Structure formats: C-alpha cells, structure tokens
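Novice: here is a sequence together with a model predicted from it:
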Amino acid sequence: MNIVGIAACTSGIAHTYIAKEKLLRAGKALGHTIHIETQGTIGTENELTKKDIAEADVVIIAADIKVGGKDRFQGKKIVEIPTSIAIKSPKGILNKIAADLGCS
Amino acid sequence: MDISTVLNSNRINLKLDVSNKEEVLNSMVDMLFKEEVITSKENFIKDVYFRETEGATGIGDGIAIPHGKSSSVLKTSLAVARTIHPIEWETLDDKPVRFIILFAVRDVDKTTVHVKLLGEIAEKLADENIVNQLLTSNDASEIITIFSSDKEEEFS
C-alpha cells in the first residue's frame, strides 16, 4: 500500500514522534510505502507532498487532537486512530487497513 | 546529534530505589531542581500530573515518558531514571515500568532546537533494540550515547 498520515498528540512533545516512528517502521517492515507528517509543538515537519497524497491508497491520522489540513485528503480513504494505537500496535493497525482495503 | 544541552549524567539515575510513581516523579523532579532546570518543584510537578490526566504516558515495554510544559521550567531538559523495582503506572500494555524519561519543557521556548531534540529522543523509543539497551545498560554515559546516536539512514 501507499500510505500517508499525520501524527499529533496533546502536548506535541513526545507521543507524536513515537507514533510517527512506529508507523514508519511498521510500514517499511510490512513492505508498504509510507510518509508521516508530524504536527507538534514546534509546528509541522515532514509535510506531505501533493504527490505523496495523490499516490496514497489510505490516509492514517494518528492523533489525540484536531489536525490541520485535512482538506488535502478529499476523496481519500481516511482512518483515524489515537496515537496510543499507533504506538501500541502499529503493525496490527496497518494489517487491518490492508485487509479492509483488500490489498493484504 | 548533540544532546548535552538537554541531558547530562547528573540527571540520570539507573538505580532508583523507590516503590511507586509518586516517589519516582519526586526523585526525578529533585534532580531537575538541583540542576537549576526548574524554579519550583511544586509547580512543575503539578503540570506533570496535569499531563498525566490527559492520557497514559507509559508507552509499553517498561518505558514511561511523563512530561510537563511549565512556566517553572528555565531550560528545556530531561531527567532519566531506571528503577530497581517495577513501578505501577498507566501504560498502553498494562505492564509496570522500569525506565522513565521525564521531559521538562519551557512554557514558551524561544528556540525550537531543544523541543526538537526531545522529539528526536522520543522517536528512538520506537526502536526495540534501543529500548532493550535502555533497560539493561548500567552506565549513564552509555545512556547518553544511545540517545545521541544518529538516525538510521533508511528512516531519515
């Protein structure tokens, strides 16, 4: 799968970055292409490109707060989860999404 | 990456002999206070507990990352502790914690450099190998080296 996503937590200091890294590692381990943007206390990093989004089969929003720029994902399949799920079982959530999309 | 601006060996205790979460936080806040990172233990710990109410800071595998963004913080910094006994904590895997990283973050950080460093350190906790090293290393300078290691190419 081609995956794009956003990670954002309440204080934007720690969980955001752990969630991002867990999703990236799980995505790569499972053979997916994955880009994750972080919206933290210091602002947006690794901003998703138009190309990343255009090519994405699914958008994962791992967030405990409202994220910015959701309008970029119009027409895309969006999966919203709390950061805790991304941290606790990143591979589980990716496998579930792949199964739901029929590309497992 | 140079993390000396946010962590030094005076704020790492790998043999913390306490029995509960409150004692962990009190000891770690003491380390920060002695190093003049925070101006008030009471105010800082209040902000740490406020964050605790917003969701579990135990991220699983024995690691917890309590943090406080607080006006009592003079310098965005870390304190690190490993406890001799497993400590009951609110965690994502319902298991107790042994390794705690307390993040003290300035309310208004003029530069984002330090906050960015904290994010990069948090990121490392997604790596099982790093987590295993943190849970077993007996040397404070080794802990600093682990946190300082540059990112693996493939994930940059």
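Specialist: Right, received. Where do you want to start?
Novice: for the longest helix along chain A, which helices and strands make contact with it?
Specialist: For chain A, the helix with the greatest residue count under DSSP state H is helix A:15-29. Identification of packing neighbours for helix A:15-29 by 3 or more Cβ pairs under 8 Å, 6 or more residues apart in numbering or on different chains; DSSP states H and E yields strand A:2-8, strand A:33-40, strand A:58-63, helix A:83-88, helix A:90-101, helix B:113-124. Every residue, glycine included, has its C-beta placed from N, CA and C.
Novice: residue of chain A closest to chain B, please.
Specialist: residue A:21 (3.5 Å; Cβ to the nearest Cβ).
Novice: hmm, back to that, mean neighbour count added to the helices and strands packed on helix A:15-29, as TSV?
Specialist: Listed next are the helices and strands packed on helix A:15-29 as TSV, based on neighbours: other Cβ atoms under 10 Å in any protein chain shown:
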stretch	mean neighbour count
strand A:2-8	25
strand A:33-40	22
strand A:58-63	23
helix A:83-88	23
helix A:90-101	16
helix B:113-124	21
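Novice: what is the neighbour count of residue B:27?
Specialist: Neighbour count for residue B:27, taken as other Cβ atoms under 10 Å in any protein chain shown: 18.
Novice: would you confirm that it contacts residue B:15?
Specialist: No - using Cβ atoms under 8 Å, residue B:27 is not in contact with residue B:15, being 11.2 Å away.
Novice: which non-adjacent residue is nearest the residue of chain B found nearest chain A?
Specialist: For chain B and chain A, the shortest gap (Cβ to the nearest Cβ) falls at residue B:126, measuring 3.5 Å. The shortest distance from residue B:126 to any non-neighbouring residue, by Cβ to Cβ, 6 or more residues apart in numbering or on different chains, is to residue A:21 (3.5 Å).
Novice: which residues sit in contact with that neighbour?
Specialist: Shown in contact with residue A:21 (Cβ atoms under 8 Å, 6 or more residues apart in numbering or on different chains): B:123, B:124, B:125, B:126, B:127, B:155.
Novice: looking at these, spot the one nearest residue A:32.
Specialist: Nearest to residue A:32 among the contacts of residue A:21: residue B:155, at 13.9 Å, using Cβ to Cβ.
Novice: which pLDDT does the model give that closest one?
Specialist: The model reports residue B:155 with a pLDDT of 47.
Novice: ditto for residue A:104
Specialist: We have a pLDDT of 50 for residue A:104.
Novice: with residue B:46 instead?
Specialist: pLDDT for residue B:46: 97.
Novice: list the helices and strands whichever strand or helix holds it packs on?
Specialist: Following DSSP states H and E, one finds residue B:46 within helix B:41-53. Applying 3+ Cβ pairs under 8 Å, 6+ apart, one finds that helix B:41-53 contacts helix B:21-34, strand B:67-70.
Novice: what number of residues lie near residue B:139?
Specialist: For residue B:139, the neighbour count with other Cβ under 10 Å is 11.
Novice: which pLDDT value goes with the closest residue to it other than its chain neighbours?
Specialist: Once flanking residues are discounted, residue B:139 sits nearest to residue B:14: 7.8 Å by Cβ to Cβ, 6+ apart. In this prediction, residue B:14 carries a pLDDT score of 97.
Novice: check which helix or strand covers residue B:14.
Specialist: Using DSSP H and E, residue B:14 falls in strand B:12-16.
Novice: okay, now the residue nearest to residue A:15 when sequence neighbours are not counted: neighbour count?
Specialist: Leaving aside its chain neighbours, residue A:15 sits nearest to residue A:9 (3.7 Å; criterion: Cβ to Cβ, 6+ apart). Neighbour count for residue A:9, taken as other Cβ under 10 Å: 28.
Novice: tell me the contacts of residue A:9?
Specialist: Going by Cβ under 8 Å, 6+ apart, residue A:9 touches A:15, A:16, A:19, A:40, A:63, A:64, A:65, A:83.
Novice: would you agree the fifth one is in contact with residue A:7?
Specialist: Yes - Residue A:63 is within contact range of residue A:7, at 6.8 Å (criterion: Cβ under 8 Å).
Novice: who touches both of these two?
Specialist: Here residue A:63 and residue A:7 have A:39, A:83 as joint contacts, going by Cβ under 8 Å, 6+ apart.
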